[in-house]
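Asks: Have a look at this prediction, sequence included:
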Amino acid sequence: MSSVPAVEFSEYDPKDLSGMSDHVAVLVTPEGVMDQAARTANRLTKGAIARLIDSESFKKAKSGQVISMAWPAGLAADSLHILVLSRKLTPVEARQAGAKLAAASAGKPLTIMAGSMHKAAELAQGIALRSYTFEAHKSLDEAKPEVAVTVAHKAPEEIAEAYAPLAAVAEGVHMTRDLVNEPANVLTTSEFANRIEGMREIGLEVEVLEEEELEKLGMRTLLSVGQGSDSPSKVAIMKWNGGAEGAAPLALVGKGVVFDTGGISLKPAGGMEDMTMDMGGAGVVTGTMKALALRKAKANVVGLVGLVENMPSGNATRPGDVVKSMKGDTVEIINTDAEGRLVLCDVIWYAQERFNPSAVIDLATLTGAVIIGLGHENAGVFSNDDEICNAFLKAARLEDEGAWRMPLGKAYDDQLKSRIADMKNVGGRPAGSITAAQFLQRFVKDDMPWIHLDIAGVASVKSATSYAPKGATGWGVMALNRLVAIKYETE
Ligand code: BES
Ligand code: MN
Ligand code: ZN
């Protein structure tokens with residue numbers, strides 16, 4: 001399992017660049033002003049940085065850029081990275097620069113001569129986020145050394161303190177990525193529940209509901225998805241009570257389909273392997289709960305994930321079957337591949353009945369249609385409440401995670417009418433992401449603030465993003481953590 005690199009914050013001695021690690025980074029402003037350590041590096045390299053600053057190409061350099069010099073003569077390092085940073089830096093810019101630095105130093109020991117840079121903690125978080133690899137199933141020739149990162153700063157204690165909660169968030173992001181990247185023969189419903197139970201160690205209260213209990217609760221739509229699989233369906237509950245005693249919690253609900261074959265409405269073979277990521281919503285809920293617990297957030301948050309596997313078998317749900325949800329409404333299952341909503345509707349209902357939350361946010365890799373609409377840049381955001389929705393959009397913007405609001409409305413909902421049951425589980429092909437959201441909204445109580453996040457396009461991608469190598473991104477952990485910080489924390 002991947003872990004966040006240990007970052008050390010040490011005293012800054014701008015004159016001493018001897019005995020540095022393999023990679024060293026120094027700071028220069030876009031106007032070409034070197035800081036003290038950069039001047040030392042410039043002197044040792046006999047003016048290499050000054051020549052770079054004088055070059056034509058540097059004129060186009062923007063804040064956040066990293067310019068690397070391999071084997072800098074005169075310096076005892078494999079690589080010298082010039083970090084171009086303006087003095088007025090936003091947290092996101094600092095984090096992006098850190099991520100670029102991590103990509104450029106590729107896991108080699110790295111020292112950043114950060115001097116008096118503010119936002120050095122965010123820079124370190126960028127490094128932590130981008131230093132992720134998933135090598136659990138690679139037979140490597142030799143064990144990879146732990147990534148070692150040193151940030152030399154004039155106020156190392158202050159920066160270390162600012163970094164601690166940011167490192168907690170990076171830990172959460174890494175956990176989400178590990179879950180999403182893990183193949184389905186390893187991350188079965190039971191293994192997922194085990195990993196959640198492992199988080200008792202960091203102070204989360206964990207409960208796992210087994211099939212028998214789910215049956216008693218009447219979660220028939222959820223169970224109908226998992227009944228074709230040999231892996232038992234489960235609902236795992238994670239509680240973080242860092243807020244005022246008795247205050248209503250925020251509920252996070254995640255779709256945890258550990259593998260989605262489509263069931264009897266079987267998916268085509270091409271690309272089916274990608275459906276190992278169909279537990280992405282549950283992965284984000286789990287990673288967010290980890291981040292909140294590690295940084296001891298002063299808020300009450302409960303995470304609930306529906307863990308099932310959608311398989312075809314002699315016992316699987318058929319198209320045309322009618323099942324009753326925990327709420328009591330009946331659903332005609334037209335397409336067994338529209339299974340995520342069947343899992344979520346029962347968990348969303350249960351979350352409201354049991355916890356009477358102040359708001360519900362659900363996350364799911366719910367529809368291919370959201371990828372057609374928004375690509376891999378933005379998650380689809382659906383909500384019945386402008387206030388919480390705007391707060392979330394703001395949190396996502398502050399964290400540089402793409403999110404775009406989509407509409408809801410009665411005309412879409414009407415597409416779910418069934419001839420024989422209270423509703424069917426699919427509308428037509430048009431507006432597939434919206435009709436999926438309408439289905440979920442039928443299970444949200446009147447006046448309950450609710451957001452649905454369709455993360456099918458952003459949970460796992462085929463090329464590297466600013467903060468992650470290709471594969472699982474961990475999208476949403478940072479935005480949700482930020483939402484909790486700005487809207488739910490008591491101080
Ligand atoms: N898990 C899929 C959605 C998905 C597609 C996630 C691509 C990630 C990448 C979901 O369960 C599904 O199969 N949705 C169907 C719904 C349809 C049958 C109404 C879809 O999008 O095709
Ligand atoms: Mn499906
Ligand atoms: Zn699915």
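Replies: Cool, the structure landed. Residues are numbered from 1 along each chain as shown. Ligands and ions are numbered 1, 2, ... in the order given.

Asks: so what's the residue of the stretch 301-450 of the chain found nearest ligand 2 closest to, chain neighbours aside?
Replies: Per C-beta to the ion, Asp337 is where the stretch 301-450 of the chain lies closest to ligand 2, at 3.9 Å. For the C-beta atoms, the positions are set from N, CA and C on the backbone; glycine is no exception. Nearest non-adjacent residue to Asp337, counting by C-beta to C-beta, 6 or more residues apart in numbering: Gly262, 3.8 Å away.

Asks: Do I have it right that that neighbour meets Asn310?
Replies: Yes. Here Gly262 lies in contact with Asn310, judged by C-beta atoms under 8 Å, at a distance of 6.8 Å.

Asks: and Trp404, that one's in a strand?
Replies: Yes. Membership of Trp404 in a strand is supported by DSSP: H, G, I helix; E, B strand; the rest coil.

Asks: What pLDDT is listed against the closest residue to it other than its chain neighbours?
Replies: Nearest non-adjacent residue to Trp404, counting by C-beta to C-beta, 6+ apart: Asn378, 4.1 Å away. Asn378 is assigned a predicted lDDT (pLDDT) of 98.

Asks: count of neighbours near Asn378?
Replies: 21 (other C-beta atoms under 10 Å).

Asks: residues touching it, list them.
Replies: Remark: with contacts taken as C-beta atoms under 8 Å, 6 or more residues apart in numbering, Asn378 is in contact with 402-404, 457-458.

Asks: how does it look with 10 Å?
Replies: 370, 396, 401-406, 454-455, 457-458, 475 (C-beta atoms under 10 Å, 6 or more residues apart in numbering).

Asks: just Ala152 next, same as before
Replies: Residues counted as contacts of Ala152 (C-beta under 10 Å, 6+ apart) are 8-14, 16-17, 20, 24-25, 37, 111-115, 120.

Asks: could you flag which of those are buried?
Replies: Neighbour counting with 16 or more other C-beta atoms under 10 Å marks 9, 12, 14, 17, 20, 24-25, 37, 111-115, 120 as buried within the contacts of Ala152.

Asks: hmm, back to that, and Gly262 and Asn310? Which one has more around it.
Replies: Shown here are Gly262 and Asn310; by other C-beta under 10 Å, Asn310 has more neighbours (29 against 18).

Asks: The stretch 1-150 of the chain: helices as residue ranges?
Replies: Per DSSP state H, counting those that start in this stretch, the stretch 1-150 of the chain carries helices over the ranges 36-44, 48-54, 91-105, 120-130.

Asks: tell me the most buried of those?
Replies: Per-stretch averages of neighbours, counted by mean count of other C-beta atoms under 10 Å, single out helix 120-130 among the helices of the stretch 1-150 of the chain, with a mean of 28.

Asks: So which bits of the stretch 151-300 of the chain are right by ligand 3?
Replies: 257, 260, 278 (C-beta under 5 Å from the ion).

Asks: Tell me the confidence at the second one?
Replies: Spelled out, that is Asp260. The model's pLDDT for Asp260 equals 99.

Asks: quick one: pLDDT of the residue of the stretch 301-450 of the chain found nearest ligand 3?
Replies: Residue nearest to ligand 3 within the stretch 301-450 of the chain: Gly340 (4.5 Å; C-beta to the ion). In this model, Gly340 is scored at 99, pLDDT.

Asks: what about it, how many neighbours?
Replies: Neighbours around Gly340, by other C-beta under 10 Å: 29.

Asks: for Asn384, same thing?
Replies: Residues lying near Asn384 (other C-beta under 10 Å) number 18.

Asks: follow-up on the earlier one: from the buried ones among the contacts of Ala152, which land in strands?
Replies: Of the positions in the buried ones among the contacts of Ala152, 9, 24-25, 111-115 sit in strands, assigned by DSSP state E.

Asks: Would you map the helices across the stretch 201-350 of the chain?
Replies: Under DSSP H, counting those that start in this stretch, the stretch 201-350 of the chain gives helices at 211-217, 220-226, 280-294, 340-355.

Asks: how close does the residue in the chain that ligand 3 sits nearest to sit to ligand 2?
Replies: Using C-beta to the ion, the single residue of the chain nearest to ligand 3 is Asp260, 3.7 Å away. Taking C-beta to the ion, to the nearest Å as the measure, Asp260 falls 4 Å from ligand 2.

Asks: Up against ligand 2, what does the stretch 1-150 of the chain have?
Replies: Taking C-beta under 5 Å from the ion, no part of the stretch 1-150 of the chain reaches ligand 2.

Asks: Tell me where the model's unsure across the stretch 1-150 of the chain.
Replies: Low-confidence segments of the stretch 1-150 of the chain (pLDDT under 70): 19-20, 143.

Asks: how about the longest helix that the chain contains against ligand 1, any contact?
Replies: Longest helix in the chain, counting residues (DSSP state H): helix 156-181. No. Contact of helix 156-181 with ligand 1 (C-beta under 6 Å from any ligand atom) is absent, the minimum separation being 11.0 Å.
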